[in-house]
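# Dropping the sequence and predicted coords here.
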Amino acid sequence: MSQLVSPLPTVDDYVAHFSHQPLPVLRRTVRELDALRADMDRVGGRQIAAVVLSDPLMTMRLLTHLETHRRQSQNHDITTIERAVMMLGVDPFFRLFDQLPTVEDALKASPQALLKVLRVIARARRAADLAREFAIARHDLDVQEITVAAALHEATEIVCWIFAPALTERVYALQLADRTLRSGDAQRQVFGVTAAEIQLELIRAWRLPALLVQLLDPSLKDDPRVRTVMLATRTARHLARGWDDAGLPDDLAELEALLRVPRESLLARLGAPEEARARLLAPPEPD
């Protein structure tokens, strides 16, 4: 696997570099799929889908494979993991996704990068869980689509940690040195482009379903479904820093408006500890 140590000229160059290398998955995913493979006669699509969706990288691999091997008779996009597994079939799925490369092997020489990408993946999983909860609260027509989109929202950061760990570490260092520095500005200083710019082109190059591309497009933030994905991702990012993160009150205010639920119910849904509930429910102090 080739890792970048210096920035590339354009977004297209990053997309080409990331696209011409096999995408690894979590070692845990390989082990869980191997366990299901050993009992394949009794395994259903729902069990496989649960393993796939818990790993954003495996989710990307599966959806990308389906789109790049799309049948002429297929006249609609596959936008959920369970449908994707059903489309392939259990036996073909296990034949296709055997002997997968792992993130742990790819970053065995960069233990700090491995630790940090695992944290981002954990955050992506939490975002997917939150998005599912929010979509259910909104009575969304297809909760699974929202869940998949949220799981993929951190795709570019995950890919950058795997294929450009040194550059990504520099972005983190800049933000650590200056807490006011926005992520996009730090990324542009190091990579020459932002993660959002790479992401939109990357998911198009990987031919993810058009609906998922739309759900991941920040320019469509006024769409309630896109907003659900964005707020789930942002809330997961802030919660990863702790319940005292300065961005949480704004997240909660926007979620109250989106979900039309009172603050107390929202905090209960998020599993806020008692101390955080008391602080976040308190009226703002007068200026």
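Received the coordinates, thanks.

# secondary structure element for the nearest residue to Glu67 once chain neighbours are set aside?
For Glu67, ignoring the flanking residues on the chain, the nearest one in space by CB to CB, 6 or more residues apart in numbering is Arg207 at 3.9 Å. Glycine gets a C-beta too; all of them are placed from N, C-alpha and C. Using DSSP states H and E, Arg207 sits within no helix or strand.

# Quick check: Ile203 touching Gln214?
No. Counting by CB atoms under 8 Å, Ile203 sits too far from Gln214 to count as a contact (10.4 Å).

# more crowded one of these two?
Ile203 (22 against 14; other CB atoms under 10 Å).

# Look up phi and psi at the residue nearest to the more buried one when sequence neighbours are not counted.
Distances taken as CB to CB, 6+ apart put Val213 closest to Ile203, at 5.6 Å, once the chain neighbours are dropped. Backbone dihedrals for Val213, given as degrees, to the nearest 10, come out at phi -60, psi -40.

# quick one, helices of the stretch 151-287 of the chain?
155-163, 165-177, 183-191, 195-205, 210-215, 224-241, 248-259, 263-270, 274-281 (DSSP state H, counting those that start in this stretch).

# pLDDT of the second one, averaged?
Put plainly, it is helix 165-177. Averaged across helix 165-177, the pLDDT comes to 92.

# residues in contact with it?
3-7, 107, 110, 112-113, 116-117, 157, 160-161, 181, 183, 186-187, 189-191 (CB atoms under 8 Å, 6 or more residues apart in numbering).

# and if you look at the fourth one?
Contacts with helix 195-205, where a contact means CB under 8 Å, 6+ apart, come from 11-12, 14-15, 18-19, 152, 155-157, 159-160, 183-184, 187, 191, 212-213, 216-218.

# and what of stretch 224-233?
If you take CB under 8 Å, 6+ apart as the criterion, stretch 224-233 is touched by 127-128, 130-131, 134-135, 138, 140, 145-146, 149-150, 153-154, 214-218, 220-221, 251, 254-255, 258.

# Quick one: buried ones out of these?
127-128, 130-131, 134-135, 138, 140, 145-146, 149-150, 153-154, 215-217, 251, 255, 258 (16 or more other CB atoms under 10 Å).

# Show the contacting residues for Leu57.
Leu57 is in contact with Leu23, Pro24, Val25, Leu26, Thr29, Val103, Ile121, Ile158, counting by CB under 8 Å, 6+ apart.

# Just list the residues touching the residue nearest to the last one when sequence neighbours are not counted, thanks.
Looking back up the chat, that one is Ile158. Using CB to CB, 6+ apart and skipping residues adjacent in sequence, the residue nearest Ile158 is Val120, 5.4 Å away. Taking CB under 8 Å, 6+ apart, we find Val120 in contact with Glu154, Glu157, Ile158, Trp161.

# which of those has the most neighbours?
Busiest of these [other CB under 10 Å] is Trp161, holding 27 neighbours.

# backbone phi and psi for the residue nearest to Glu67, please?
Backbone torsions for Arg207, taken as degrees, to the nearest 10, come to phi 60, psi 40.

# what's the spacing between the longest helix along the chain and its chain's center?
For the chain, the helix with the greatest residue count under DSSP state H is helix 111-137. In terms of CA atoms, centre = their mean, to the nearest Å, the centre of helix 111-137 is set 6 Å apart from its chain centre.

# Also stretch 45-61?
12 Å.

# give me the low-pLDDT residue ranges for the stretch 1-150 of the chain?
1, 70-77 (pLDDT under 70).

# quick one, strands of it?
Remark: strands of the stretch 1-150 of the chain are absent; assignment by DSSP state E, counting those that start in this stretch.

# C-alpha coordinates for stretch 175-182, PDB please?
Presented in PDB, the C-alpha positions along stretch 175-182 are these (Å, rounded to 0.1, in the frame of the first residue of the first chain):
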ATOM      1  CA  GLN A 175      -5.900  22.300  15.200                       C
ATOM      2  CA  LEU A 176      -4.400  21.300  18.500                       C
ATOM      3  CA  ALA A 177      -2.100  24.300  18.300                       C
ATOM      4  CA  ASP A 178      -5.000  26.600  17.400                       C
ATOM      5  CA  ARG A 179      -8.400  25.600  18.800                       C
ATOM      6  CA  THR A 180     -10.100  28.300  16.700                       C
ATOM      7  CA  LEU A 181      -8.800  26.800  13.400                       C
ATOM      8  CA  ARG A 182     -11.600  25.200  11.400                       C
END
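
# Thank you, goodbye.
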